[in-house]
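J.: sequence plus predicted model, see below.
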Amino acid sequence: MPPPSQPTDACRSRALVIDRAWRGLGPGLESLSGPGGAPLTRTVKLIVLPLIVRPSLCPELAADFLEPAQAARLDALIQESGARLRATAQWFTLLKKTRRALGIVAGHPQDLYFQRCFELATGYGAPSAGADAVARGVVEDVADAGGGRTVEALKGHLADAARRARLDGELAVAWAGRPPVAADVGVAVALAGEVLEACGAAGPMGPAVNSPEYTAMVEAGHGGLFGRALWAHAGEVWGAEELPAHLGLTARQAPPRPKVGRAASTATLPAPLDRTLFERLFVVLQSSSRREELPAVPDLVQREVGRSCAPLGLHDESLRVAVVLGGRLAVGLDPLGTGEPAPGRTAAHRAVNSRWRREASVLRARRMTVSPRPDPDGGHGDSGGVLDALARDLRTPWAAYMRRLWVRLHGRDVRDAPLGDLASLWAVLDGVSRSVMMDHRDRVRSALRTLSAATAVDTAEPRST
């Protein structure tokens with residue numbers, strides 16, 4: 001009998017059950033759905049799972065693959081919530097309109113309002129008379145909860161030339177006073193493999209008890225040692241010469257001394273360890289749905305001076321260890337299933353790779369790498385185009401994984417939220433793998449829509465000869 005984390009002929013993917021149940025609800029969910037009609041990633045993460053499925057209360061619905069009875073129960077839960085979800089979508093549209101009218105730009109609307117809209121739908125139903133006043137109150141309440149912890153406040157704080165000069169001097173002193181570099185991180189990488197074996201062997205519910213190896217890594221400061229090794233230009237940490245020790249956390253041989261900075265753009269953010277003070281905090285403020293938990297902007301900036309000069313750009317040792325564990329997991333990710341020997345792969349690698357390889361988008365990208373089909377007429381064939389580029393991304397999945405992992409760990413560090421046990425650690429590592437996978441799925445779907453549209457144009461308008 002296969003372990004619970006693996007599918008059987010009778011089991012169904014929970015993600016697929018959610019997708020089909022969602023599509024079965026019909027129109028009215030457009031503001032909560034992607035262009036193809038599937039629920040947005042944030043819809044699943046912020047509404048469907050925590051507020052409808054509630055796996056903490058229904059652990060039988062927490063697995064990746066569900067037995068027929070469990071799949072039917074999940075489908076029924078979503079169907080029963082249809083009217084409330086349509087009302088949620090209407091409230092979200094109204095709150096976004098109100099937000100624009102008030103000139104509020106800080107934060108991501110989905111992060112800020114999705115769960116509040118579900119609460120409104122539960123309490124009021126669909127928006128009706130008086131809904132505009134209710135929406136305005138919610139938007140203002142969410143904005144006030146930030147207590148001035150906004151990107152605009154950060155810009156204003158760093159606009160003062162004297163303050164910027166003082167901060168730059170503090171950064172220079174902190175960087176010069178870093179602890180001595182370390183070169184040998186072999187023990188840390190070896191222990192990381194043992195921890196990942198324990199994580200993956202625990203099954204879909206995750207590890208229930210702590211790991212002595214994980215505790216040992218934190219107590220011995222292996223995360224800090226690893227970060228100091230990056231300052232020493234460590235090489236061949238992962239057993240492969242072509243893999244940089246930093247796995248894309250910096251675009252340079254070693255992380256540079258951070259600058260203060262005054263601007264940032266999500267489209268042009270550099271690698272995590274190459275970011276300015278402003279860019280590091282920009283991401284935290286832009287993505288936070290609970291800004292009231294953050295320190296005030298002056299304190300936030302001051303703390304970031306020391307953090308940005310610490311090993312791996314993190315203060316907490318459990319979060320640094322998570323970077324080592326994430327790196328050990330990332331270098332063994334193989335979504336395309338190359339079939340090459342994979343020494344050192346753990347149960348965690350097998351669980352994550354198995355999930356990736358079942359993705360239809362990954363299967364399509366894999367076919368592109370194995371049997372590309374160029375268009376001899378110079379039209380919109382796949383070969384060399386967007387799908388081929390996405391397939392190339394799957395050959396180096398560690399880059400996207402490590403970038404996203406570091407951002408999540410940095411957010412926890414800013415909030416003083418360490419990873420106290422193996423279960424919380426694995427929730428982060430596995431959650432990042434799912435997030436990267438879903439992001440890739442969305443990009444493949446978008447690419448396919450673009451190619452389909454281009455093909456339709458070519459069919460309607462024959463080429464001249």
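T.: Thanks, I have the structure now. Numbers count the residues shown, from 1 in each chain.

J.: quick check: phi and psi at residue 13.
T.: phi -60, psi 130 (degrees, to the nearest 10).

J.: what about it, how many neighbours?
T.: Close neighbours of residue 13, defined as other C-beta atoms under 10 Å, add up to 18. From N, CA and C alone the C-beta is placed, and that goes for glycine too.

J.: got phi/psi on the spatially closest residue to it that is not a sequence neighbour?
T.: Excluding its sequence neighbours, the residue lying closest to residue 13 (C-beta to C-beta, 6 or more residues apart in numbering) is residue 65, at 6.0 Å. The phi/psi pair for residue 65 (degrees, to the nearest 10) reads phi -130, psi 140.

J.: where's residue 65 relative to residue 274, distance?
T.: Computed with C-beta to C-beta, to the nearest Å, the distance linking residue 65 and residue 274 is 40 Å.

J.: and the two? which has more neighbours close in?
T.: More crowded of residue 65 and residue 274, by other C-beta under 10 Å: residue 65, with 23 against 17.

J.: pLDDT below threshold where in the protein?
T.: Along the chain, segments meeting pLDDT under 70 span 1-10, 144-148, 183, 203-206, 208-209, 289, 338-343, 359-387, 448-449, 451-465.

J.: domain assignment for it?
T.: Recorded structural domains for the chain (assignment: automatic domain parsing) are 12-145, 178-257+309-458.

J.: including distance to residue 300, could those domains go into CSV?
T.: Shown next, in CSV, are the domains of the chain (distance: least, C-beta to C-beta, whole Å):
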stretch, distance to residue 300
domain 12-145, 14
domain 178-257+309-458, 7
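
J.: any idea which of the ones you listed gets closest to residue 283?
T.: Among those, the nearest to residue 283 by C-beta to C-beta is domain 178-257+309-458 (6.1 Å).

J.: so which of the domains of the chain is nearest residue 155?
T.: Per C-beta to C-beta, nearest to residue 155 of those: domain 12-145, 10.9 Å.

J.: need the strands for the stretch 51-200 of the chain, in chain order.
T.: Here the stretch 51-200 of the chain has its strands, by DSSP state E, counting those that start in this stretch, at 65-66.

J.: now do the contacts for residue 141.
T.: Neighbouring residues of residue 141 by C-beta atoms under 8 Å, 6 or more residues apart in numbering: there are none.

J.: distance of it from residue 406?
T.: 32 Å.

J.: go on, residue 106?
T.: Noted for residue 106: a distance of 23 Å to residue 406, by C-beta to C-beta.

J.: those two: who's more crowded?
T.: Per other C-beta under 10 Å, whichever of residue 106 and residue 406 has more neighbours is residue 406, with 24 against 19.

J.: please, which helix or strand holds that one?
T.: Assigned by DSSP states H and E, residue 406 falls within helix 397-414.

J.: then that helix to PDB, C-alphas only?
T.: As requested, the backbone C-alpha atoms of helix 397-414 are provided in PDB (Å, rounded to 0.1, in the frame of the first residue of the first chain):
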ATOM      1  CA  PRO A 397      14.400  25.500 -10.200                       C
ATOM      2  CA  TRP A 398      16.700  26.300  -7.300                       C
ATOM      3  CA  ALA A 399      17.000  29.900  -8.400                       C
ATOM      4  CA  ALA A 400      13.300  30.800  -8.000                       C
ATOM      5  CA  TYR A 401      13.000  28.600  -4.900                       C
ATOM      6  CA  MET A 402      15.800  30.300  -3.000                       C
ATOM      7  CA  ARG A 403      14.700  33.800  -3.900                       C
ATOM      8  CA  ARG A 404      11.200  33.200  -2.600                       C
ATOM      9  CA  LEU A 405      12.300  31.300   0.400                       C
ATOM     10  CA  TRP A 406      14.600  34.100   1.500                       C
ATOM     11  CA  VAL A 407      11.800  36.700   1.200                       C
ATOM     12  CA  ARG A 408       9.600  34.600   3.400                       C
ATOM     13  CA  LEU A 409      12.300  34.100   6.000                       C
ATOM     14  CA  HIS A 410      13.200  37.800   6.000                       C
ATOM     15  CA  GLY A 411       9.500  38.700   6.600                       C
ATOM     16  CA  ARG A 412       9.500  36.300   9.600                       C
ATOM     17  CA  ASP A 413      12.800  37.900  10.900                       C
ATOM     18  CA  VAL A 414      11.300  41.400  10.700                       C
END
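
J.: packing partners for it?
T.: helix 277-287, helix 297-308, helix 317-330, helix 422-460 (3 or more C-beta pairs under 8 Å, 6 or more residues apart in numbering; DSSP states H and E).

J.: same thing but 10 Å
T.: helix 277-287, helix 297-308, helix 317-330, helix 347-357, helix 386-395, helix 422-460 (3 or more C-beta pairs under 10 Å, 6 or more residues apart in numbering; DSSP states H and E).

J.: let me know which of those is tucked in deepest.
T.: helix 317-330 (a mean of 26; mean count of other C-beta atoms under 10 Å).

J.: now it and helix 397-414, what's the angle there?
T.: 170 degrees (axes from the mean of the first three to the mean of the last three C-alpha atoms, to 10 degrees).

J.: summarise which helices and strands helix 317-330 is packed against.
T.: With contacts defined as 3+ C-beta pairs under 10 Å, 6+ apart, the packing partners of helix 317-330 are helix 186-201, helix 212-219, helix 222-231, helix 347-357, helix 397-414, helix 422-460.
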